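J.: here you go, sequence then predicted model.
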Amino acid sequence: MQRVWIKLAMFLAVALVFQSIRLIMPMIPGPVNMFLIGSLLNTVMVLSIWCTNSRWAGIIGIILPLGAFMQGQLPVVLMIPVVALGNAVYILLSGRWQQSRLLYLSPFVKALILYAGTLSVIHIIDLPAPVSGMILLMMSWPQIVTGTIGLLLAKRVFKYLENTIL
């Protein structure tokens, strides 16, 4: 079990570094930033469960929105649990469906959770229309795109890791 925690700590560290790219390179345009960093984070989240076979990998998905909030990428604190739930479900489904065609449903489930959760947050607090529209957009179809790219990248990286260090 100690080996699992070490691997999970490594994946969390890599994810936090990827999440910080936007701080190191603020000149990256918003959409590129969202798709690049989102895809990389989804890749790391998927690899965390595939390489450890542990449900504890879901913790990485729960911690990442805290970092995003502290970096100003989540403008509303109530979005932290929404993103945490979406990430954790994405990770767990990706682990459960790793050998199945159902694997490619996990980004859709994540996007559905994020979109529905965002609608709930918008109804709870009165956000200005431009802010709520921007958050809803970020939590909709781009999540499917970045989640799918994350799966495809994870498959390639996992093959490499499987043949080398796993």
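T.: Looks like it arrived, so ask away.
J.: pLDDT weak spots in this protein?
T.: Low-confidence segments of the chain, defined by pLDDT under 70, span residues 165-166.
J.: so N163 is in which element?
T.: helix 141-164 (DSSP states H and E).
J.: centre of the chain versus that helix, how much separation?
T.: Mean C-alpha position of helix 141-164 versus that of the full chain (C-alpha atoms, centre = their mean, to the nearest Å) differs by 12 Å.
J.: which residues outside it are in contact with it?
T.: Helix 141-164 has contacts (C-beta atoms under 8 Å, 6 or more residues apart in numbering) with 34-35, 38-43, 45-47, 50-51, 86, 90, 94, 103-104, 106-108, 110-111, 114-115. All C-beta spots, glycine's among them, are computed from the backbone N, C-alpha and C.
J.: just those residues: which are in helices?
T.: 34-35, 38-43, 45-47, 50-51, 86, 90, 94, 106-108, 110-111, 114-115 (DSSP state H).
J.: wait, what's in contact with the residue positioned nearest the centre of the chain?
T.: With distances taken as C-alpha atoms, centre = their mean, the chain has N42 as the residue nearest its mean C-alpha position (4.4 Å). Contacts here follow C-beta under 8 Å, 6+ apart; on that basis N42 touches 90, 107, 146-147, 149-151, 154.
J.: which PyMOL command selects the buried ones in the contacts of helix 141-164?
T.: The following PyMOL command selects only the buried members of the contacts of helix 141-164, with burial defined by 16 or more other C-beta atoms under 10 Å:
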select buried, resi 34+38+39+40+41+42+43+45+46+47+50+51+86+90+94+103+106+107+110+111+114+115
